[in-house]
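**Q** fold the following for me, if possible:
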Amino acid sequence: MSVLQIQMRDLTGFRETRLKILTLRPNNKVHWLSYALAVHVCGDPEAALEVLDNYMNTLGENSEEFKRGFESSELALYKNKVLSETTCSQDGDDDFDKLLGVKKAWKHLDEIAHVIVDQTGWLQAKLSYQLQLGMFDDAVETCQFLFKRGSTEDHRVHSAYMCALLNLNRETWSEVEKLTGTATLATFRPLLDKEREVLLKAYGVTPSTTNGSSPDLISADDDTTTEECLAVAFPKSAAIKRIYLTLLPPSSAEFLLAIDKYCRRQIVKGVPSLGSDLSSLYLMEDESQESEKRLILARDPVDIKSHPVYCMLVELVESYICSLTKQSTFPNDSIEHPPSVLLWSWYLRSILHEQAAEYADGITLINKCIDHTPTGVDFYELKARLLEAGGDIQRAADVVDSGRDLDHQDRYINNLTTKTLLRAGRDDEARKRISMFTRHEGNPEQNLYDMQCAWYELELADSLAKKGKLGMSLRKYMAVIKHYEDFHEDQFDFHAYCIRKVTLRSYCDLLKFEDEIWGQPIYCRAAENIIKIYLGLFDAPTKSPSNDEPDYSKMTPAERKKAKNIARKKKKALEKKVGDSEGGVIYDTSKSPEDNGSKKKKPHAVDIDPEGKELLALNPLEESQKFASILINYAPRRITSWVLYYDVSVRRGKMLMGLKALHRMKSIDSTHHDLFARIVDFSQKLESRTTKCHAASEEVISSEFPKLLDDKSLPDFIKSTLDSVKSNPLSSLPMKIVLAKALISSNMATKSDCVSLILDSKLNGRSVTMTTCRDALEFMDSLGKDAITGKGELIQLIMAKFPFAKDF
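**A** All right, here's what the predicted structure looks like:
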């Protein structure tokens, strides 16, 4: 029962059950640990700590828990983790009281040091406590010790090292501690000049040592070398060299010299990922953050082309290509290099063209690479990306398939080929490619389902949806949903295992991950597309016998009641059938008459609903509401979660819920085009509705909705947005499209004015992709004959922007 309770997150019941079990069998270690963990997850660390202390008091002096070992180590570190979460029993508000548990946990680490096996985890916990308590000198020493133990490539330790050197407060550390991947403090927020100088000195370079010369990391015989100089202590660390680039100001001469040396080293080695690596240096301030300055990565080609780092890289690589072509050396260098160095310089320049959306120029250079070395798989991959982004997905699929033919043992290029073929709508070819790495017997798609290959199912579902096969598309999206339900159920096996093996810290992380699993990007993508399909079915329902409902108006009350009961039972049976079948698949274990007397065959999959008719027969709004509720609860920071929640709510007539969604969208991104479109939609629906909400709801709407309009009328709100868009030549294309639609629906502008709005920037603004261009063309088509000339001009602009597009 206790396992079921923690599985269902009945935490109170779990705590009570574990207490009863402990009372009945107090001599079992597992029951003590289970009850301590139950108390802990209920949010009572003080009581959990008391349970652990009581358990330790029951042990003898020579018990294994007091000796060095894995289980004793994990138990001690778990107790330390619980201790850090305790608070002062007094009602004080000062920092000392708030950090009393952290201070106790810091002292406790020294007490348990003799039993610890996970020394790195012990040091990381110590480092976190030191930073929270403001013990910066001790934190620096702990970081240096971690570096000596081999953590030089761990960017979390580097972030802590920076916070310790700069004496940053506890609030900043709590934010930096959540960074993942290669992100550090230097990529999280802008550095002050004094902060930059301190960090450069610590990482091996000071402004005074460069003096306009090569900013090479200082050598061991330099007088400025100190114990804290990481570049000298760890000369082979790639992370230290990489972090150094983020510490220099991009506009400085030192940065130019440093990035020059970094690029030359990687080009000589022939590193294909250099372009992706350098793209992480395109940092810019986040304008949406008004309170504190934060850095974000420039992703739009418009922002990338104007970024100083990109401009600097273009000049450098162009100089490499020119010098290597003429004399096989880098600029201002006498060392001759083999032709492969020029090859990888072409490759890097082609990637820079891709980042700036210069697809034709990129294709020219990558063709040179392929002509030079036809066996380079990376070159075909880049060419396929350029063709796909440039508008020719069919040719991109052919190119990447040619690269796959060079190495049939490469699973990555095979998967990439499959994905590209699916995006090109060539499902049968994609199935043949992916089946090369599945079991040869049986249906390859069933094998992929058993392996929970979500990326393939998502791409196939997208392809089927584009072809109008909505039922089959829903089946694939639902298969991804089923995978995550299986992930959630799989934790069932770990409830007893983790406690028995005393991996309590990992178990707590597992519970946290499972609680947030419905907010994972892959799940969100599947759920969002399911909602879009169901909303499309609601707006334009398909006529089928399963959708027909009896005419209740012509029935007597008794007949109506009976008919509704029958319909309700059919609906429950259908939902159960769909839920029980794994993505529309069941397993048949029966024997055929021909198998009489023979060996029992393995269960084989039987597709009970290949076209997804049962999924199409479900209530679209109910299904959409179910998934929209999941998204807003588990992915509340995704603006698309609230966009879809609004779309579902207004179709259900729940205007107050729609208003809530609008306010949450505004808190995430107040300039998003989806927010503007739905504010206009909400205002128009309020004016055109025939029935009003409850009096209390109407009062909330009348008081809160004007805030979204900035206390303006709808025409004034649209006009102010129009002025803002016109004043910014880089305004996004999606924003112009929704603004033009708003002008038409509110009769505020002529069709020719709307066409001019879209064409004025010549597609030189942000968010200009093949998808948004198709949306613009679709809007032009809706305007009729008045937009024929504008549509022709738009097609010419698209062809110039995407030179390989053929479907316009």
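
**Q** for the residue positioned nearest the centre of the chain, list the residues it contacts.
**A** With distances taken as C-alpha atoms, centre = their mean, residue 521 lies nearest the centre of the chain, 5.2 Å away. Listed by C-beta atoms under 8 Å, 6 or more residues apart in numbering, residue 521 has no contact partners. Using the backbone N, CA and C atoms, a C-beta is placed for each residue, glycine as well.

**Q** how about the helices in the stretch 601-750 of the chain?
**A** With helices called from DSSP state H, counting those that start in this stretch, the stretch 601-750 of the chain shows them at 613-616, 620-634, 639-651, 655-668, 673-688, 695-708, 714-727, 733-745.

**Q** do the same with the stretch 451-600 of the chain
**A** 454-466, 470-490, 494-500, 504-515, 521-539, 557-580.

**Q** rebuild those helices as TSV, extending it with distance to residue 802.
**A** Compiled in TSV, the helices of the stretch 451-600 of the chain are given as follows (distance: least, C-beta to C-beta, whole Å):
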stretch	distance to residue 802
helix 454-466	18
helix 470-490	26
helix 494-500	49
helix 504-515	40
helix 521-539	24
helix 557-580	41
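
**Q** which one, of these, ends up nearest to residue 66?
**A** helix 504-515 (17.6 Å; C-beta to C-beta).

**Q** next, the buried residues of that closest one.
**A** By neighbour count on 16 or more other C-beta atoms under 10 Å, the buried set for helix 504-515 is 504-505, 507-508, 511, 514.

**Q** can you redo the helices of the stretch 601-750 of the chain as JSON lines with mean neighbour count?
**A** Shown next, in JSON lines, are the helices of the stretch 601-750 of the chain (neighbours: other C-beta atoms under 10 Å):
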{"stretch": "helix 613-616", "mean neighbour count": "20"}
{"stretch": "helix 620-634", "mean neighbour count": "19"}
{"stretch": "helix 639-651", "mean neighbour count": "23"}
{"stretch": "helix 655-668", "mean neighbour count": "19"}
{"stretch": "helix 673-688", "mean neighbour count": "18"}
{"stretch": "helix 695-708", "mean neighbour count": "13"}
{"stretch": "helix 714-727", "mean neighbour count": "16"}
{"stretch": "helix 733-745", "mean neighbour count": "21"}
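
**Q** in the stretch 1-150 of the chain, which spans are helices?
**A** Going by DSSP H, counting those that start in this stretch, the stretch 1-150 of the chain shows helices at 2-7, 11-24, 29-41, 45-57, 70-84, 95-98, 100-111, 119-132, 136-148.

**Q** go through those and pick out the most buried.
**A** Scoring the helices of the stretch 1-150 of the chain by mean neighbour count under mean count of other C-beta atoms under 10 Å gives helix 29-41 as the most buried, with a mean of 23.

**Q** low-confidence stretches in this structure?
**A** 88-97, 205-228, 289-290, 542-554, 570-607, 807-808 (pLDDT under 70).

**Q** how about the helices of the stretch 601-750 of the chain, which one is nearest residue 321?
**A** Closest to residue 321 of the helices of the stretch 601-750 of the chain, according to C-beta to C-beta: helix 733-745, at 33.0 Å.

**Q** quick one: the closest one to helix 673-688, angle?
**A** Angle, helix 733-745 to helix 673-688, by axes from the mean of the first three to the mean of the last three C-alpha atoms, to 10 degrees: 20 degrees.

**Q** quick check: angle from helix 733-745 to helix 714-727?
**A** For helix 733-745 against helix 714-727, the angle by the same axes, to 10 degrees is 140 degrees.

**Q** and helix 733-745, what does it pack against?
**A** Contacts defined by 3 or more C-beta pairs under 8 Å, 6 or more residues apart in numbering; DSSP states H and E place helix 733-745 against helix 673-688, helix 714-727, helix 751-759, helix 770-782.

**Q** for those, give me CSV that also has distance to residue 526.
**A** Below are these laid out as CSV (distance: least, C-beta to C-beta, whole Å):
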stretch, distance to residue 526
helix 673-688, 20
helix 714-727, 33
helix 751-759, 32
helix 770-782, 19
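
**Q** pretty sure residue 296 is in a strand, no?
**A** Yes: using DSSP: H, G, I helix; E, B strand; the rest coil, the assignment for residue 296 is a strand.

**Q** tally of neighbours for it?
**A** The tally of other residues near residue 296 (other C-beta atoms under 10 Å) stands at 16.

**Q** tally of neighbours for residue 490?
**A** Residue 490, neighbours per other C-beta under 10 Å, totals 10.

**Q** what does the one 3 residues further on give?
**A** Neighbourhood size, residue 493 [other C-beta under 10 Å]: 10.

**Q** got the contact list for it?
**A** With C-beta under 8 Å, 6+ apart, residue 493 has no contacts at all.

**Q** what does the one 3 residues further on give?
**A** Shown in contact with residue 496 (C-beta under 8 Å, 6+ apart): 3, 30.

**Q** measure residue 183 to residue 83 for me?
**A** Using C-beta to C-beta, to the nearest Å, residue 183 is found at 29 Å from residue 83.

**Q** hmm, residue 419 is touching residue 459, no?
**A** Yes: the criterion here is C-beta atoms under 8 Å, and residue 419 meets it with residue 459 at 5.3 Å.

**Q** show me the contacts for residue 143.
**A** Residue 143 sits next to 127, 157, 160-161, 164 when contact means C-beta under 8 Å, 6+ apart.

**Q** in helices only, show me those.
**A** Using DSSP state H, the subset of those located in helices is 127, 157, 160-161, 164.

**Q** which of those residues lies closest to residue 703?
**A** Closest approach between the ones in helices among the contacts of residue 143 and residue 703, by C-beta to C-beta: residue 160, at 46.5 Å.

**Q** from memory residue 76 sits against residue 113, does it?
**A** No: applying C-beta under 8 Å, one finds residue 76 not in contact with residue 113, separated by 9.2 Å.

**Q** is residue 284 in a helix, a strand, or coil?
**A** strand.
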